[in-house]
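Undergrad: Next come a sequence and a model predicted from it.
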Amino acid sequence: MAVIDPSRTWAPLEQRLAATTNERHRAALEVVIEHMRGEAAPDLEQVMGTLSAEPDYHFWMGGQDVGPKTTEGVRTYYTNFMETRTGVLEFAIDRLVVDDDCVVTEGDMKQLYPGAMTAVLGVEVDDPDADYLVVYRQLLVWPIDASGKITGEDSYFGGVRSVTPVAREDLPQQYIDLVHAPAANAH
């Protein structure tokens, strides 16, 4: 059984949406769900379609804001993110807050990484050819503008909590197709 199921990322939002009658709150939940699904696809145009004209991201890591700014900055960020092949993830949300101006999600981010890519997180692994499940705590604030678009992501990253090797049979097919199929086809 796959160690990650990306659809569990938006499941709590869909559950809240089903119980929500406030139209502004429903619209906020719907646009964040659409954004999450676009990231999982990965579909750059779907993700960008959920954003306001001038998104402004704040990724707080080590006391510094390293988030992309402007539409082009955010587009470049997502293009690069999708090219890293580390986008197969599951956000195990255990806190969800919705109001007229934002959605807040908090939980454990579970993300698959090829061993050679864990260095970008400052994590050294024993086998760079293996695959790893990296877990970290994350809080995301999704501000929503008057038109119902996401104006950015304010992300608070508390550091890596665990790094665990994952057997090939426990990897989701999407990850295998992204990471291992291109290498197999290169031979």
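TA: That came through, no problem.

Undergrad: What are the buried residues along the helix or strand hosting Leu112?
TA: Assessed by DSSP states H and E, Leu112 sits inside strand 102-114. The neighbour-count check on strand 102-114 (16 or more other CB atoms under 10 Å) flags Cys102, Val103, Val104, Thr105, Glu106, Gly107, Met109, Lys110, Gln111, Leu112, Tyr113, Pro114 as buried. For the C-beta atoms, the positions are set from N, CA and C on the backbone; glycine is no exception.

Undergrad: Where is the longest helix in the chain?
TA: Using DSSP state H, we find that the single longest helix of the chain is helix 23-40.

Undergrad: Show me what whichever helix or strand comes after that helix is packed up against.
TA: Following helix 23-40 in sequence order, the next helix or strand is helix 44-49 (DSSP H and E). Helices and strands touching helix 44-49, as assessed by 3 or more CB pairs under 8 Å, 6 or more residues apart in numbering; DSSP states H and E, comprise helix 23-40, helix 70-84.

Undergrad: out of these, which comes closest to Gln138?
TA: helix 23-40 (13.0 Å; CB to CB).

Undergrad: That closest one versus strand 102-114: what angle between them?
TA: 10 degrees (axes from the mean of the first three to the mean of the last three CA atoms, to 10 degrees).

Undergrad: Phi first, then psi, for Ser52.
TA: Backbone torsions for Ser52, taken as degrees, to the nearest 10, come to phi -70, psi 170.

Undergrad: Going forward, count from 399.
TA: Right, with 399 as the first residue, what we last looked at is Ser450.

Undergrad: Against His433, how distant is the residue nearest to it when sequence neighbours are not counted?
TA: Excluding its sequence neighbours, the residue lying closest to Ser450 (CB to CB, 6 or more residues apart in numbering) is Lys547, at 4.1 Å. Distance, Lys547 to His433, by CB to CB, to the nearest Å: 10 Å.

Undergrad: out of these two, which sits in the more crowded spot?
TA: A count of neighbours by other CB atoms under 10 Å puts His433 above the other of Lys547 and His433, at 22 against 17.

Undergrad: my guess is Gln536 meets Tyr554, correct?
TA: Yes: between Gln536 and Tyr554 there is a contact at 6.8 Å, judged by CB atoms under 8 Å.

Undergrad: Neighbour count for the two, which is higher?
TA: Remark: of Gln536 and Tyr554, Gln536 carries more neighbours, 19 against 14, as counted by other CB under 10 Å.

Undergrad: Next up, the contacts around Gly550.
TA: Shown in contact with Gly550 (CB atoms under 8 Å, 6 or more residues apart in numbering): Leu449, Pro453, Asp454, Tyr455, His456, Gly465, Val472, Pro541.

Undergrad: could those residues go into CSV alongside neighbour count and pLDDT?
TA: CSV is the format used below for those (neighbours: other CB atoms under 10 Å; pLDDT from 0 to 100):
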residue, neighbour count, pLDDT
Leu449, 22, 98
Pro453, 24, 98
Asp454, 19, 97
Tyr455, 20, 98
His456, 16, 97
Gly465, 19, 97
Val472, 21, 98
Pro541, 19, 98
